[in-house]
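# just to be clear, the model below is a prediction. Sequence and coordinates:
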Amino acid sequence: MRMEKEQIQIEHLLPDYFSGEISKENRLKVDNWRNLSAGNEKLFREMSTVWKSGAILGQMEQFNPKDALLKVDKRLALYNKPSSVWQKLQKIAAVLLIPLLVYSGFLTISQFKESKLASGETTWQEVKTGTGMVSELTLPDGTQVWLNSETTLRYPLNFGKIREVNLTGEACFDVKKDEKHPFVVTTGTINVEVLGTSFNVANYANENQTEVVLLSGKVKLFTGEYGNKKEVGFLSPNQQALFKPSTKELFVNNVSVEKYTAWKDGVLMFADDPMDEVTRKLSRWFNVEFVLESEELRDYVYRATFKDETLPQILDLLKISAPIEYTRIPRETLPDGNYSKEKIIIRKKRM
């Protein structure tokens, strides 16, 4: 009963949190609640999406997203039996997001049509995911794409002879087979060409590598423009290609593909991964910053699978597996009024 009461209290604090009108004390309550569990963080992200949707609707007409969240919640309570916060959230999202999708689709297509009529050039759609969020979409050719945290995907509204998309971040593709129209993913470093297959590409701007993992089918790897491409290799199922742009080196390994695609199902999977790889993924998952105090820590390896564990639970499990300790430094108010990321400092345990 107490937990339910606290959940309701947090739920009513979120509109003020998103609008920036929340007190420092209540902001801390929400931040602490977010860190209690992965489920709480997921709820927060979904509510954030609803809030941002309301902000866009506000550009269309007089619309107050703060009032909308509370009014829709009350309206649902009147006509439905009591349900979990998560169930209510899904219903609220449905009420608010349907008109948003209609609006954003019209706005984007209109802008692109005007651009095309004016210049005659190919026009592109751009989709972005925020920190800690995973999105799914269907491309114009029927290809399914899952976008990981902090990812940008650009694609044309209408594919030509080549179905080309541009990726920064990480995405998993299930490509609709079409032998007459190759599907190409460009990354700015190494590029991927397929006809119809499933694969994962990770290409974050702040990392000195591009990774391609093949689930099924066959992919061709190349550099340069498609019309003047230089083939550098092929992948078969259960293989990983790791390209280092700084040295132009390409490494191909046999891997268990499950750990590279588990993220799209809300699972973090590590299989003999070094500490810096573990903290890199946790950083995106929980929107925190990690600092490793010594190079020796990078040699520690971990094998684990996480789904609903909180960040503190994961950190404590890491402590059990290796002689480490950690310090958590909470978010701080920045000069511009925003908040810094929580910082986790990991050091070797003093014996």
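Arrived safely. Numbers count the residues shown, from 1 in each chain.
# for Y204, phi and psi?
Y204 has phi and psi values of phi -80, psi 140 when expressed as degrees, to the nearest 10.
# quick check: closest non-adjacent residue to it.
Of all residues not flanking Y204 in the chain, G169 sits nearest, at 5.8 Å (CB to CB, 6 or more residues apart in numbering). Backbone N, C-alpha and C define where each C-beta goes, glycine included.
# wait, the one you found sits on V145?
No: with contacts counted by CB atoms under 8 Å, G169 stays clear of V145, the gap being 11.4 Å.
# shared neighbours, those two?
Common neighbours of G169 and V145, using CB atoms under 8 Å, 6 or more residues apart in numbering, are L153.
# and whichever strand or helix holds N32, what's buried?
Counting by DSSP states H and E, the element that carries N32 is helix 24-36. By 16 or more other CB atoms under 10 Å, the buried positions in helix 24-36 come out as N26, R27, K29, V30, W33, R34, N35.
# now do that helix: distance to the chain's middle.
Relative to its chain's centre, helix 24-36 lies at 22 Å (CA atoms, centre = their mean, to the nearest Å).
# show me what it is packed against.
Under the contact criterion of 3 or more CB pairs under 8 Å, 6 or more residues apart in numbering; DSSP states H and E, helix 24-36 touches helix 2-19, helix 38-60.
# can you tell me which of the ones you listed has the worst average pLDDT?
Of all those, mean pLDDT reaches its minimum on helix 38-60 (a mean of 63).
# starting at the chain centroid, how far to stretch 179-186?
Put simply, stretch 179-186 sits 24 Å off its chain's centre (CA atoms, centre = their mean).
# that one spans what distance, first to last residue?
One end of stretch 179-186 sits 19 Å from the other (CA to CA, to the nearest Å).
# how about stretch 184-202?
End-to-end distance of stretch 184-202: 15 Å, with CA to CA as the criterion.
# give the buried residues for it.
So for stretch 184-202, counting by 16+ other CB under 10 Å, buried means 184-187, 190-202.
# walk me through the domains of this protein.
Split into domains by automatic domain parsing, the chain comes to 2-104, 123-257, 267-348.
# ranking those by burial, who's on top?
When the domains of the chain are scored by mean count of other CB atoms under 10 Å, the highest mean neighbour count falls to domain 123-257 (a mean of 17).
# tell me the average confidence for that one?
91.
# gap between that domain and the chain center?
What separates the centre of domain 123-257 from the centre of its chain is 16 Å, taken as CA atoms, centre = their mean.
# from the buried residues of helix 24-36, pick the one nearest G160.
Nearest to G160 among the buried residues of helix 24-36, counting by CB to CB, is R34 at 44.2 Å.
# quick one: residues contacting the closest one.
So R34 contacts N40, E41, F44 (CB under 8 Å, 6+ apart).
# now distance to N208 too, for those, in TSV please.
Formatted as TSV, these follow (distance: CB to CB, whole Å):
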residue	distance to N208
N40	34
E41	29
F44	32
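# between these, which is nearest V212?
When the contacts of R34 are compared for distance to V212 (CB to CB), E41 wins out at 29.0 Å.
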